[in-house]
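Q: what follows is a protein structure lacking sequence information:
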């Protein structure tokens with residue numbers, strides 16, 4: 001249930017930023033921060049603990065920042081860096097530790113790069129590679145060690161690969177053959193079942 005509430009909070013934050021974007025109300029950074037704060041409020045209202053609400057806030061801020069950066073013609077990796085920066089900033093303002101905020105920054109950057117790569121029609125492999133590259137760079141920019149940013153990069157590659165892997169279509173499953181109705185051979189055989 002927590003995951004659903006987190007996603008709902010993230011969506012609530014993004015809706016706000018999309019409305020503001022359409023109204024052209026304020027610079028992109030403000031839109032991302034607004035998305036994050038609204039997501040945090042929505043998460044808290046839905047009963048999420050502060051840590052989970054902060055994660056939803058960071059994710060929403062990252063997505064909003066990436067969208068507004070891409071809308072203004074930013075390159076994919078630049079948009080990913082903006083996403084990471086916004087996610088880290090919002091995460092910190094909602095009580096994340098430096099380490100947690102750096103992880104949120106890497107994760108948001110990876111997701112933004114993957115979404116942008118997907119929108120450009122890139123293959124699943126390319127999508128994962130872009131995600132890993134962005135996450136590693138964002139983690140490093142957030143003060144991670146080489147080892148930590150490599151780990152963040154690997155994590156993003158795996159996460160985005162799993163997230164965008166085509167889901168198996170149910171129509172491909174062979175229909176089950178209906179079972180033949182059970183006919184009691186002799187009434188006595190089923191006597192103990194109350195027949």
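A: Thanks, I have it. The structure displayed is predicted, hence computed values, not measured ones.
Q: switch to C-alpha atoms for all contacts and neighbour counts from now on
A: Fine.
Q: if I look at the residue nearest to residue 164 when sequence neighbours are not counted, how far off is residue 67?
A: Leaving aside its chain neighbours, residue 164 sits nearest to residue 124 (7.0 Å; criterion: CA to CA, 6 or more residues apart in numbering). Distance of residue 124 to residue 67, computed by CA to CA, to the nearest Å: 21 Å.
Q: same question for residue 158.
A: 23 Å.
Q: those two: which is more packed in?
A: Per other CA atoms under 10 Å, whichever of residue 158 and residue 67 has more neighbours is residue 67, with 26 against 15.
Q: contacting residues around the more buried one?
A: residue 79 (CA atoms under 8 Å, 6 or more residues apart in numbering).
Q: can you do 6 Å?
A: Residues counted as contacts of residue 67 (CA atoms under 6 Å, 6 or more residues apart in numbering): none.
Q: next SSE after the strand or helix carrying it?
A: Residue 67 belongs to helix 50-71 when assigned by DSSP states H and E. As assigned by DSSP H and E, the chain's next helix or strand after helix 50-71 is helix 76-93.
Q: run through who's touching that next one.
A: Applying CA under 6 Å, 6+ apart, the external contacts of helix 76-93 come out as 54, 58, 61-62, 65-66, 69, 101, 104-106, 108-109, 112-113, 138.
Q: name the next helix or strand downstream of it, please.
A: helix 98-119.
Q: lowest average confidence across helices and strands of this protein, where is it?
A: Least confident helix or strand, the chain: helix 2-22 with a mean of 73, by mean pLDDT, DSSP states H and E.
Q: hang on, the earlier thing: if you count neighbours, what's buried in the helix holding residue 67?
A: Across helix 50-71, burial judged by 16 or more other CA atoms under 10 Å covers 50-70.
Q: tell me the angle of that helix relative to helix 98-119?
A: For helix 50-71 against helix 98-119, the angle by axes from the mean of the first three to the mean of the last three CA atoms, to 10 degrees is 40 degrees.
Q: what is the distance between helix 50-71 and the centre of its chain?
A: Offset of helix 50-71 from its chain centre (CA atoms, centre = their mean, to the nearest Å): 9 Å.
Q: next one: stretch 61-79
A: On CA atoms, centre = their mean, the centre of stretch 61-79 falls 15 Å from the chain's centre.
Q: can you give me the first-to-last residue distance of it?
A: End-to-end distance of stretch 61-79 (CA to CA): 12 Å.
Q: now that stretch: mean pLDDT?
A: For stretch 61-79, mean pLDDT is 92.
Q: tell me the phi and psi of residue 47?
A: phi 90, psi 10 (degrees, to the nearest 10).
Q: any low-confidence regions in this protein?
A: 1, 16-26, 28, 168-195 (pLDDT under 70).
Q: residue 131 is in what secondary structure piece?
A: helix 124-141.
Q: oh, that last question was meant for residue 161, not what I typed.
A: Using DSSP H and E, residue 161 falls within helix 146-164.
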